[in-house]
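**Q** just a sequence and a predicted model for now, questions to come.
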Amino acid sequence: MHKLIYFFLLPSFLVTKPLSDQKTPVTPLVSDSSYPVQNGENVHYFVSLPSNPNVYQTIVTYTDPELSQKAGEIKPDTPFTVEQLFVNEQGQSVFKLGNKQYVVADQDQIFEDNVLEISEEKKTLWLTGDFTVYDKPLMNGAKVKKTSLTPYSKVEVTKVAKTLKGTYLEIADQGWISKEEFSTTDNRMEKVQELLNQKYNKDGIGIYVKQLDTGKTAGVHADQEMYSASVTKLLYLYYAQKEIDAHHIDLQTPLKYTKEVGNFPGSYDPDGSGSISKIPDDKDYTVGDLINKVAKESDNVGHNLLGYYVAHQSDQDFQKVSNRIAGKTWDVKEKNASAQMAGNVMEAIYQQNGGIIEALSQTRYDDQRIPKDIPVKVAHKIGDAYDFRHDVAIVYTDSPFILSIFTDHSDYNTISEIAKDIYEVLK
């Protein structure tokens, strides 16, 4: 029969829980018995019950306190409970487990897997594309949770905790996520790029997106040049605003519509879009009226008047400014450009922050293409010719972005679908 050996312990050391099985030795531990030599090696025994035990690697469990009959094993990150700590007849410190099996109470095999530090810390972060939510900071027993959180979304962190597995952040009412699965900056453009790659990486579609607050970009075939049609008029709108800002002209400056007006590099056929007379009438039109006509109606005659008088028939200075803001040479006679070039020009107009933006926000084309399904302010310029359909816009979400879509042999609804998909990520 096993002998029961009792010691009087100081409060700082463990007193074992009583066992219902009185045949189990219940010799409690004292600090100087924590490091006996066993099989020639020091064994670092526990002197207290771990509240959340884990194992470094797979260990064997036994059916008896003398550890003679193998019962099974415990693998790392497998939840288990400890009911009692005692010394068996061989002088080994032993844990009795919740499943009534036994293991050596060795700190080199078993460790306390709990939160090491926790603190309040409120901040805004963005989730990455791949993350896991747990019901508590990751340690043994933590469970994966299903939540409404989505990749690349903005979240509010409330707490920070450190465990042996790393640092974990709490999102209120959602759960805990590894610090490595957050971004400190808005990373939604990564999701936009994934979307474009998966859904719109097709011949005949060029897309350029730029988030103006972060400077991050995304796109597919963004540098593929096509006939830009009326999108080229953006260059002249920008230049007109530049001349207004420099006080070289103002909105009331009159420009006379003569027959010479329609013949210069970058002019358009007067018979195209717009409501101004197709036939020269020798009347004066103010710069302000012409800007509205070009921005809202894509008026060809209005464009020709601005190009002839304000841009000096697309002179050297105009072309130099145009190439600078487009980021590449934009031949206004041939009118070939890419979605990125057009996006760069629209960004330059955004930076001007002039009256042209309001005109571009109230066009006769607001029920189609980019603005069609977007419920926020959109300043945009369309372009149509032959089989080319384009639209370039500033979309005024909380974090405004440039969206430039060039298409060849496509349609307005495709442009609207692209715009809506991107807006749903960046709204």
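**A** Sure, I can see it.

**Q** domain ranges for the chain?
**A** 31-112, 117-183, 189-426 (automatic domain parsing).

**Q** and the second one, what's its mean pLDDT?
**A** Spelled out, it's domain 117-183. Here the mean pLDDT over domain 117-183 is 97, rounded to a whole number.

**Q** same check on the longest one?
**A** pLDDT averaged over domain 189-426 equals 97, rounded to a whole number.

**Q** using a markdown table, lay out the domains of the chain together with mean neighbour count.
**A** For every residue, glycine as well, the C-beta is placed using N, CA and C. Formatted as a markdown table, the domains of the chain follow (neighbours: other CB atoms under 10 Å):
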| stretch | mean neighbour count |
| --- | --- |
| domain 31-112 | 16 |
| domain 117-183 | 16 |
| domain 189-426 | 19 |
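
**Q** going along the chain, name the helices of the stretch 1-150 of the chain.
**A** In order along the chain, the stretch 1-150 of the chain carries no helices (DSSP state H, counting those that start in this stretch).

**Q** let's see the pLDDT reported for residue 44.
**A** Residue 44 is assigned 89 on the pLDDT scale.

**Q** start the count at 4, not 1, going forward
**A** Sounds good: first residue 4 from here, last item residue 47.

**Q** just list the residues touching the residue found closest to it once you drop the neighbours it is linked to in the chain, thanks.
**A** Excluding its sequence neighbours, the residue lying closest to residue 47 (CB to CB, 6 or more residues apart in numbering) is residue 110, at 4.1 Å. By CB atoms under 8 Å, 6 or more residues apart in numbering, the contact set of residue 110 is 47, 48, 49.

**Q** same question for residue 245.
**A** Neighbour list for residue 245: 324, 355 [criterion: CB under 8 Å, 6+ apart].

**Q** try it again with 10 Å
**A** 251, 313, 314, 321, 324, 328, 351, 352, 355, 357 (CB atoms under 10 Å, 6 or more residues apart in numbering).

**Q** roughly how far does it sit from residue 231?
**A** When distance is defined by CB to CB, to the nearest Å, residue 245 is 20 Å away from residue 231.

**Q** okay, and the beta partners of the residue nearest to residue 187 when sequence neighbours are not counted?
**A** Excluding its sequence neighbours, the residue lying closest to residue 187 (CB to CB, 6+ apart) is residue 128, at 6.2 Å. Assessed by DSSP bridges, residue 128 has beta-bridge partners residue 158.

**Q** tell me the secondary structure at the residue nearest to residue 355 when sequence neighbours are not counted.
**A** Leaving aside its sequence neighbours, residue 355 sits nearest to residue 244 (CB to CB, 6+ apart; 5.0 Å). What DSSP: H, G, I helix; E, B strand; the rest coil gives for residue 244 is helix.
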